[in-house]
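Q: got a predicted model here, sequence first, then my questions.
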Amino acid sequence: MKLRFMLLISAVSLLSFTANAEANQRSVPQDDRVFPLGDSGSFDPIPGLTDVLVEDIDSEGAIYRYEVPINWNGDLVMYAHGFRGCVADEATGALVPLTVDNPPLRQYFLLRGYAWAASSYSKNCYDVKDGVESTNRLARIFSEEVGEPETT
């Protein structure tokens with residue numbers, strides 16, 4: 001009896017694992033789309049606060065920015081924006097361009113010694129997976145270029 005129960009649990013676990021693996025492999029429409037780069041607006045150092053100011057594009061096409069204050073306390077704030085939309089123009093099917101924003105609390109972070117980093121993500125549309133992956137890439141980039149933060 002105990003052996004049958006254990007075999008049943010093992011079979012159910014294997015089926016569940018296989019179903020989850022297949023679900024993680026499903027593609028979404030935006031996987032194949034290439035989003036244009038948009039104008040992210042000004043990104044200038046704040047005199048007396050900014051030590052390092054970087055804007056670039058990562059390996060997957062996401063625009064990223066990060067800023068480290070002169071009095072960096074070793075902590076990094078990852079700024080994640082919300083949903084940007086998917087199609088900018090219903091008539092032409094033009095895609096919403098990728099843009100990255102400075103966090104609204106930028107000066108507050110810098111005054112208190114926090115570095116911050118933000119990404120456009122590499123895809124728009126409702127794609128939580130891409131948002132997480134883009135944010136993780138940016139955290140690694142920051143660590144490689146600036147140094148490992150004490151807290152993120």
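A: Nice, I can see it.

Q: strands along this protein, start to end?
A: 50-57, 63-69, 76-79, 87-89, 94-95, 115-119 (DSSP state E).

Q: mean pLDDT for those: which is lowest?
A: Here the strands of the chain differ in mean pLDDT, and the lowest is strand 87-89 at a mean of 87.

Q: low-confidence regions, this structure specifically.
A: 1-25, 27-31 (pLDDT under 70).

Q: in it, which spans are helices?
A: Assigned helices in the chain, in chain order: 2-25, 106-111, 128-145 (criterion: DSSP state H).

Q: still on that earlier bit, need the strands of the chain in TSV with distance to Gly131 and mean neighbour count, can you?
A: Glycine gets a C-beta too; all of them are placed from N, C-alpha and C. Shown next, in TSV, are these (distance: least, C-beta to C-beta, whole Å; neighbours: other C-beta atoms under 10 Å):
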stretch	distance to Gly131	mean neighbour count
strand 50-57	17	14
strand 63-69	13	22
strand 76-79	11	20
strand 87-89	18	13
strand 94-95	16	16
strand 115-119	8	25
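
Q: Val128 is nearest to which of those strands?
A: Ranking the strands of the chain by distance to Val128, with C-beta to C-beta as the measure, places strand 115-119 first at 13.7 Å.

Q: and the angle for that closest one with helix 128-145?
A: 140 degrees (axes from the mean of the first three to the mean of the last three C-alpha atoms, to 10 degrees).

Q: which strands border strand 115-119, and is each parallel or antiparallel?
A: Partners of strand 115-119 in the sheet, by DSSP bridges, are strand 63-69 (antiparallel), strand 76-79 (parallel).

Q: Leu111 contacts Leu49, correct?
A: Yes: under the criterion of C-beta atoms under 8 Å, Leu111 makes contact with Leu49 at 6.7 Å.

Q: quick check: neighbours shared by those two?
A: Pro69 (C-beta atoms under 8 Å, 6 or more residues apart in numbering).

Q: of all the strands paired with strand 115-119, which one is nearest Arg137?
A: strand 63-69 (8.1 Å).
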